[in-house]
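> Provide a 3D model corresponding to the input given below.
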Amino acid sequence: MNNKSIDMTSGNSGIILIKFMIPLVLGNIFQQFYNMADTIIVGRFVGVKALAAVGATGNIMFLIFGFVSGLLQGFSVITAQRFGAGDKAAVKQSVGNAAVLSVILTVVMTFISIVFMDNILTAMNTPSDVYDMAKSYIVIICLGMATSVLYNLMASMLRAVGNSQAPFVFLIISALLNVVLDLFCIIFLKMGVAGAAVATIVSQGISGILCLIYTICKVEILVPSKGDFKLKMNCAGTQIKIGIPMALQFSITAIGTIMVQGALNLLGTNAIAAYTVACKVEQLFTQFFSAQGMTCATYGAQNMGIGNVKRIKKGVKYSLLYCVIYAIAIYIILYNSYPFFTKLFTDKTLDASVLSEITTNVGIYIHLCGLFFTPLGMIFIFRNIMQGCGYSFLPMLGGAVELICRAVTAYFATKSGRFVNICYANASSWLVTGIFLLFCYFYVIKKIEKKLGN
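Numbers count the residues shown, from 1 in each chain. Below you'll find the model as predicted:
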């Protein structure tokens with residue numbers, strides 16, 4: 001495997017964005033297989049309650065690992081900007097600082113997540129019949145947080161210098177291994193949901209190690225010297241300044257989804273199972289938007305490094321075009337295929353009435369939320385282009401907007417006790433936040449143009 005870094009500061013923006021994004025899309029899809037494999041195998045071989053238990057922890061994982069991922073992405077923004085500016089020594093320094101900060105982050109977040117897990121599960125109204133399984137699953141995942149940090153740190157740094165192919169290859173290996181380990185731990189070792197958690201952290205750990213080895217052997221610019229593994233306050237301060245708002249943005253959004261999950265949990269196991277299936281399917285098909293976001297972050301950071309605002313704006317226009325086309329296409333696909341995916345996630349011996357209820361609710365979610373895939377894509381584009389340019393406060397406010405929308409929806413959903421009102425949480429938050437970040441983007445671009453005199 002060769003080092004295939006991409007300089008995003010020159011050439012056709014539309015082609016460069018696609019070239020960089022394709023491995024990210026495929027990589028994100030394979031990354032979803034971690035949870036997809038867990039969910040499918042747990043649902044088919046352990047049961048609906050186990051499926052609900054795994055689903056009940058999804059938003060907790062988003063809260064914890066979203067915060068961690070946001071920080072790591074913030075660390076890599078400085079690396080991308082310095083790479084775009086051609087400062088090799090500064091790139092190495094930023095990687096060394098990020099490594100030290102990541103060790104501290106892992107220790108602190110692992111401790112906090114384990115200590116407060118019972119409080120979080122209780123606050124979310126986790127049903128008593130799935131509580132123990134849910135706790136077992138999420139605690140094991142949190143104990144393996146170091147594996148997630150390792151992979152995401154190395155992958156973020158590789159993407160910062162324009163290499164999106166290597167992380168993709170290692171994710172394929174990891175995803176396939178995860179499926180094998182899921183089957184082995186759940187079917188042969190009879191470990192239940194704990195087996196699914198173990199399979200996830202082992203497979204992700206291997207992908208992280210492979211990423212690290214590849215970087216050391218192939219990407220010399222990302223290999224710090226011994227002296228770079230010391231916290232330089234100017235570099236570390238900038239990384240934290242960008243990373244904290246990005247991390248809080250994820251966490252604020254996650255708190256909103258936890259509120260929704262709390263309202264959902266009051267509707268019972270079947271509703272949780274349906275919501276879990278619908279969200280897994282939606283998350284799989286919307287990985288294109290997440291990949292667009294990562295691409296925009298790198299593209300924005302590299303071009304910000306050379307002060308080319310016109311090129312940044314051109315990249316955003318191409319990204320919006322791709323977003324609209326894809327949103328329409330996947331809505332048509334999911335509108336007609338959700339019954340298939342419901343059967344894929346559930347046990348063949350499931351009672352017909354229960355299956356019908358779950359399928360109906362999955363359809364409600366897909367039909368409603370699918371109409372708002374375009375503003376969802378806008379969120380990823382505008383949020384990440386601003387973050388890549390070093391402006392992370394307004395994207396964090398976007399997370400606050402999402403939180404408010406979800407909190408309001410969760411309140412009314414709790415009062416009504418209707419599944420469809422739960423679904424409005426995502427739809428409303430995507431629409432309102434997408435529009436909010438659109439105006440934020442225009443504000444930031446004008447501010448950058450004034451700063452650079454463009």
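
> Going by C-alpha atoms from here, please, whenever you check contacts or count neighbours.
Noted.

> Show me where the stretch 201-350 of the chain has its helices.
Taking DSSP state H, counting those that start in this stretch, the helices of the stretch 201-350 of the chain run over residues 233-265, 269-285, 287-305, 309-345.

> Would you mind finding the most buried of those helices?
helix 287-305 (a mean of 27; mean count of other Cα atoms under 10 Å).

> circling back to that earlier point, lowest-confidence stretch among the helices of the stretch 201-350 of the chain?
Mean pLDDT per stretch puts helix 233-265 lowest among the helices of the stretch 201-350 of the chain, at a mean of 79.

> right, and the helices of the stretch 201-350 of the chain - which one's nearest Gly144?
Nearest to Gly144 among the helices of the stretch 201-350 of the chain is helix 233-265 (19.4 Å), distances taken as Cα to Cα.

> Give me the distance from the closest one to the chain's centre.
12 Å (Cα atoms, centre = their mean, to the nearest Å).

> ok, now stretch 364-374?
The answer for stretch 364-374 is 19 Å, by Cα atoms, centre = their mean.

> who's in contact with it?
275, 278, 282, 286, 323-324, 327-328, 331, 334-335, 338, 420, 423-424, 426-427, 430-431 (Cα atoms under 8 Å, 6 or more residues apart in numbering).

> May I see the buried residues of that stretch?
Ile364, Tyr365, Ile366, His367, Leu368, Cys369, Gly370, Leu371, Phe372, Phe373, Thr374 (16 or more other Cα atoms under 10 Å).

> Kindly report the same for stretch 114-131.
Met117, Leu121, Met124, Asn125, Thr126, Pro127, Val130, Tyr131.

> picking that back up, got TSV for the helices of the stretch 201-350 of the chain, with distance to Gln32 too?
Formatted as TSV, the helices of the stretch 201-350 of the chain follow (distance: least, Cα to Cα, whole Å):
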stretch	distance to Gln32
helix 233-265	18
helix 269-285	6
helix 287-305	8
helix 309-345	14
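
> Determine which of those helices approaches Glu220 most closely.
Using Cα to Cα, those put helix 287-305 closest to Glu220, at 18.5 Å.

> Look up phi and psi at Asn125.
Dihedral pair for Asn125: phi 60, psi 40, per degrees, to the nearest 10.

> you'd agree it is up against Val260?
No - counting by Cα atoms under 8 Å, Asn125 sits too far from Val260 to count as a contact (10.7 Å).

> Find the helix or strand that Asp118 is a member of.
helix 117-123 (DSSP states H and E).

> avg pLDDT for that helix?
Helix 117-123 carries an average pLDDT of 88.

> which element follows it toward the C-terminus?
helix 131-143.

> Tabulate the CA atom coordinates of that following helix in CSV.
Coordinates of the C-alpha atoms in helix 131-143 are reproduced here as CSV (Å, rounded to 0.1, in the frame of the first residue of the first chain):
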residue,chain,number,x,y,z
TYR,A,131,-31.2,-2.9,31.9
ASP,A,132,-28.6,-5.5,32.8
MET,A,133,-27.8,-6.4,29.2
ALA,A,134,-27.6,-2.8,28.2
LYS,A,135,-25.1,-2.0,31.1
SER,A,136,-23.0,-5.1,30.3
TYR,A,137,-22.7,-4.0,26.6
ILE,A,138,-21.9,-0.4,27.1
VAL,A,139,-19.5,-0.9,30.0
ILE,A,140,-17.3,-3.3,28.0
ILE,A,141,-17.4,-0.9,25.1
CYS,A,142,-16.2,1.9,27.4
LEU,A,143,-13.4,-0.2,28.9
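
> Low-confidence bits of the stretch 301-450 of the chain, can you list those?
347-350 (pLDDT under 70).

> and of the helices of the stretch 201-350 of the chain, who's closest to Tyr441?
Per Cα to Cα, nearest to Tyr441 of the helices of the stretch 201-350 of the chain: helix 309-345, 9.9 Å.

> Let me know the angle separating that closest one from helix 287-305.
Interaxial angle, helix 309-345 versus helix 287-305 (axes from the mean of the first three to the mean of the last three Cα atoms, to 10 degrees): 160 degrees.

> for helix 309-345, packing partners?
helix 13-45, helix 269-285, helix 287-305, helix 352-369, helix 373-388, helix 419-452 (3 or more Cα pairs under 8 Å, 6 or more residues apart in numbering; DSSP states H and E).

> so how far is the shortest one from its chain's centroid?
When C-alpha coordinates are averaged (Cα atoms, centre = their mean), helix 373-388 and its chain have centres 13 Å apart.

> again, but for the last one
Counting by Cα atoms, centre = their mean, helix 419-452 is centred 18 Å from the centre of its parent chain.

> And it, what's buried?
Residues 419, 421-434, 436-438, 440-441, 444-445, 448 are the ones in helix 419-452 that count as buried (16+ other Cα under 10 Å).

> That one packs against which elements?
helix 233-265, helix 309-345, helix 352-369, helix 373-388, helix 393-416.

> can I get these in JSON lines with distance to Ile78?
Output for the helices and strands packed on helix 419-452, formatted as JSON lines (distance: least, Cα to Cα, whole Å):
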{"stretch": "helix 233-265", "distance to Ile78": "7"}
{"stretch": "helix 309-345", "distance to Ile78": "17"}
{"stretch": "helix 352-369", "distance to Ile78": "35"}
{"stretch": "helix 373-388", "distance to Ile78": "9"}
{"stretch": "helix 393-416", "distance to Ile78": "16"}
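
> what about these, which gets the closest to Asn178?
Between the helices and strands packed on helix 419-452, helix 309-345 lies closest to Asn178; by Cα to Cα that is 16.8 Å.

> that older thread, can you say which of the helices and strands packed on helix 309-345 is nearest to Ala400?
Among those, the nearest to Ala400 by Cα to Cα is helix 419-452 (9.0 Å).

> I am finished for the moment; much appreciated.
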